[in-house]
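# Here is a sequence together with a model predicted from it:
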Amino acid sequence: MDEKLLLWINQGWAHPFWDGLFWWVSERVWFAFPLAALLLYFSVRRCGLAGARLFLAMVLTISAGDLLGNQLKRGFAEQRPCYVMHEQMRNVGSAEPRQCAPYTTGMPSNHALNFFAAATFIALVTPWRGWHLLLFAVAVLVGLSRIYLGKHFPSQVLAGALIGATVGWLGAWLALRYRAALGLPWATPAATVPLSSFIRHPSYFFSRAPSAAKVMNSDPHPTVPPEQPAAPPHRLSLVIPLYNERENVAPLLAGIHEALADYPHPWELIVVDDGSSDGAAEQLAAEAGRYGDHVRALTLQRNFGQTAAMQAGIDAARGDVIATLDGDLQNDPGDIPRLVAQLLAGDLDLVVGWRQDRQDNVWLRTIPSRVANRLIGKITGVRLHDYGCSLKVYRASVIKEVRLYGEMHRFIPAWVSVRTAPQRIREAIVNHRARVHGESKYGLSRTFRVMVDLLSVYFFLRFLTRPGHFFGRIGLACGGLGALALGYLFAQKLLLGAHIGTRPLLLVGVLLVLMAVQFLTTGVLSELITRIYFASSASRPYVVRADGSAPVTDEAGWRTPHG
């Protein structure tokens, strides 16, 4: 079976493209060393001296694996296919069969061992997901190249891959155990990692964001979060957007008052009805009157969307800390005190709820949400488990500097990262309950809307203050290509007397130059619009329906511990 599989890959896959690719990835000088240099450059640029030490730890891990592989070669003394069956194989780069030296034993494949050791080490120690995928893909290609070129039997490559993964695993354990010496920026320096716990739960030791460190507990997935220290004095504003949730209004307000009955600091509740058509506004007004002035109901003129409703509540909030949650009873208000304490005690600006155990439909909500979360984290650079959880706690001075439009409530952590350091954004596991009343307003279509909105987020996060750079790059690229095409045709016409009037390249070149002019002028206009945008900030994405109630003052309408 081993020989049949080898011949099938060696002969059945025969193609000049595979010949060149597999020869290239199999060469240490032309592929492995440049790849290592690229990884070293990335590590140093990303983490400075700590990145260099991390790279050195990876090299030591690979070297230890290489030495182990050489010792195993001597013990097994199993010959390579290029020696025992060279006459049956196709020799890449030669028309005649060639036999390799008899002393080059092949069990296990050191190429596969080294690359899988490096890939496993990087995957377990760093949060660089792009490198994780790249190195494992490269390791697989290297293993296939050794079979394709006839250097190793498939069993020898498989053995090398398994041994390499084990060596990389042990090297990662040592690196995490002594991470204080390495100075890894995404690890907790004082933590000591038990080997047994690392083997059972390796993924717990590195987070989705370089700034989010985790400390190992006896339970790798704690359901009861650790107790937070008491929060310093503050005033808390709760903001809840509602749309067609009439049956949930009464239990929502009752649940919040029950959860915050013993809250030791002043708090207020702002419920924003987003133009409901099922009588939720009337129900909300009736329920708010039962509890007192600390419950404030805002009714929007029409349905502006969840983002605008949330912005209306944030604008009306007067507290030092603002917490938001959905009005569908799926968020647990009992989590709010813990998240507020984490925000204030940790000197953070945003704590995002993570619904680790979601009680939603898997196909309509959970899977689309996971897809959206990965896309958002990849593009925005703020990696969290759950962007869509409405249960969030903000520092008011930060969130009031962020203006929310369209359907951008899902991207709030990304917008906040523009106003504060990403290290001041954390996430915390929160409870999640199944919907009892009403219907969900989300589905599969949300994923496609998120993908479209991501383009806007990408533009605003990177080019809001310099849109001319965005359009200018495209314009210069189009202009450069157009100039090259027209220059080439001009040279042919001038020097060779060629007829260029009917050539498609002439039309392409002219269109590229015109596109360049369009993009460059668009960049200039966008710069002007940006200056106008920053000069005028009085607009609002919502309209609050006027009523005859007395205006709310800053000192009145708070729920105090004794009131």
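Sure thing, it's come through. Numbers count the residues shown, from 1 in each chain.

# Please make it C-alpha for all contacts and neighbour counts, starting now.
Will do.

# what ranges do the helices span in the stretch 1-150 of the chain?
2-7, 16-26, 33-47, 49-76, 81-84, 110-125, 129-148 (DSSP state H, counting those that start in this stretch).

# Give me the phi and psi angles of Ala491.
phi -70, psi -40 (degrees, to the nearest 10).

# same question but for His15, I mixed them up
Torsion angles, degrees, to the nearest 10, at His15: phi -170, psi 140.

# Repeat that for Thr530.
With angles defined as degrees, to the nearest 10, Thr530 sits at phi -60, psi -40.

# Near it, how many other residues are there?
Residues lying near Thr530 (other Cα atoms under 10 Å) number 17.

# So it versus Arg403, what's the distance?
Applying Cα to Cα, to the nearest Å, the value for Thr530 to Arg403 is 15 Å.

# do the same with Ala428
24 Å.

# pLDDT wise, what is Arg80 at?
We have a pLDDT of 76 for Arg80.

# What of His257?
Turning to His257, the model gives it a pLDDT of 91.

# same check, this time on the one 4 residues further on
For Ala261, the model assigns a pLDDT of 88.

# Let me know the secondary structure of it.
Secondary structure, DSSP: H, G, I helix; E, B strand; the rest coil: Ala261 is coil.

# Apart from its neighbours in sequence, what residue is nearest it?
The shortest distance from Ala261 to any non-neighbouring residue, by Cα to Cα, 6 or more residues apart in numbering, is to Pro561 (7.8 Å).

# what does Arg74 give?
Excluding its sequence neighbours, the residue lying closest to Arg74 (Cα to Cα, 6+ apart) is Thr105, at 7.6 Å.

# Return the residues in contact with that neighbour.
Applying Cα atoms under 8 Å, 6 or more residues apart in numbering to Thr105 gives the contacts 73-74, 77-80.

# measure it to Leu72 for me?
Thr105 is 10 Å from Leu72, by Cα to Cα.

# ok, now which ones touch Trp267?
235-238, 294, 319, 558-560.

# Now with 7 Å, please.
235-237, 558-560 (Cα atoms under 7 Å, 6 or more residues apart in numbering).

# same question, Gln311
Leu404.

# Just the element for it, please.
helix 306-316 (DSSP states H and E).

# what is the mean pLDDT for that helix?
89.

# For the stretch 1-150 of the chain, which residues score under the pLDDT cut-off?
Filtered on pLDDT under 70, the stretch 1-150 of the chain yields the residue ranges 1, 86-87, 93-97, 99, 103-104.

# Buried by neighbour count: which residues of stretch 65-80 qualify?
Buried residues in stretch 65-80, counting neighbours by 16 or more other Cα atoms under 10 Å, are found at 65-66, 68-70, 72-73, 77-80.

# What lies in contact with stretch 463-480?
In contact with stretch 463-480 (Cα under 7 Å, 6+ apart) are residues 512-513, 515-517, 519-520, 522-524, 526-527, 530.

# Of these, grab the buried ones for ChimeraX.
To isolate the buried members of the contacts of stretch 463-480 in ChimeraX, using 16+ other Cα under 10 Å:
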select :512,513,515,516,517,519,520,522,523,524,526,527,530
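
# Just to be sure, which of the contacts of stretch 463-480 are found in helices?
The members of the contacts of stretch 463-480 that map onto helices under DSSP state H are 512-513, 515-517, 519-520, 522-524, 526-527, 530.

# still on that earlier bit, so is the residue nearest to Ala261 in a helix, a strand, or just coil?
Secondary structure state of Pro561, per three-state DSSP, is coil.

# So it is in contact with Pro264, correct?
Yes: between Pro561 and Pro264 a contact is recorded at 5.4 Å, counting by Cα atoms under 7 Å.

# Between those two, which is the more surrounded one?
Neighbour tally, Pro561 and Pro264, criterion other Cα under 10 Å: the higher count belongs to Pro264, 16 against 13.

# and the more buried one, that's in a strand?
No: using three-state DSSP, the assignment for Pro264 is coil, not a strand.

# Next, give phi and psi for it.
Torsion angles, degrees, to the nearest 10, at Pro264: phi -80, psi 0.

# what do you get for the one 3 residues further on?
Here the main-chain torsion angles of Trp267 (degrees, to the nearest 10) amount to phi -150, psi 160.

# Could you check the pLDDT of it?
At Trp267, pLDDT is 92.

# For it, give the beta-bridge partners.
Beta-bridge partners for Trp267, by DSSP bridges, are Leu236, Arg559.

# Show me where the stretch 101-250 of the chain has its strands.
With DSSP state E, counting those that start in this stretch as the criterion, the stretch 101-250 of the chain has strands at 236-242.

# picking that back up, and of the contacts of stretch 463-480, the nearest to Trp30?
Leu512 (37.0 Å; Cα to Cα).

# so how far is Trp169 from the residue nearest to Phe55 when sequence neighbours are not counted?
The shortest distance from Phe55 to any non-neighbouring residue, by Cα to Cα, 6+ apart, is to Leu40 (6.2 Å). For Leu40, the distance to Trp169 equals 20 Å [Cα to Cα].

# Give me the more crowded residue out of these two.
Set side by side, Leu40 and Trp169 show more neighbours around Trp169, with 26 against 18, by other Cα under 10 Å.

# any idea of the pLDDT on the more buried one?
For Trp169, pLDDT reads 90.

# Do I have it right that it meets Phe121?
Yes: between Trp169 and Phe121 there is a contact under Cα under 7 Å: 6.1 Å.

# so Met58 touches Ala119, yeah?
No: using Cα under 7 Å, Met58 makes no contact with Ala119, being 9.5 Å away.

# Nearest residue to Leu329 in space, ignoring adjacent ones along the chain?
In this structure, Leu329 finds its nearest non-sequential neighbour in Leu252, 6.2 Å apart by Cα to Cα, 6+ apart.

# Can you tell me the element the one you found falls in?
Assigned by DSSP H and E, Leu252 belongs to helix 246-259.

# Sort out which residues of that helix are buried, please.
Buried residues in helix 246-259, counting neighbours by 16+ other Cα under 10 Å, are found at 246-249, 252-253, 255-257, 259.

# any idea of the angle that helix forms with strand 236-242?
Orientation check (axes from the mean of the first three to the mean of the last three Cα atoms, to 10 degrees): helix 246-259 against strand 236-242 gives 170 degrees.

# Residue numbering should commence at 7 henceforth.
I'll keep to 7 as the first residue from here, and by that count the last item is helix 252-265.
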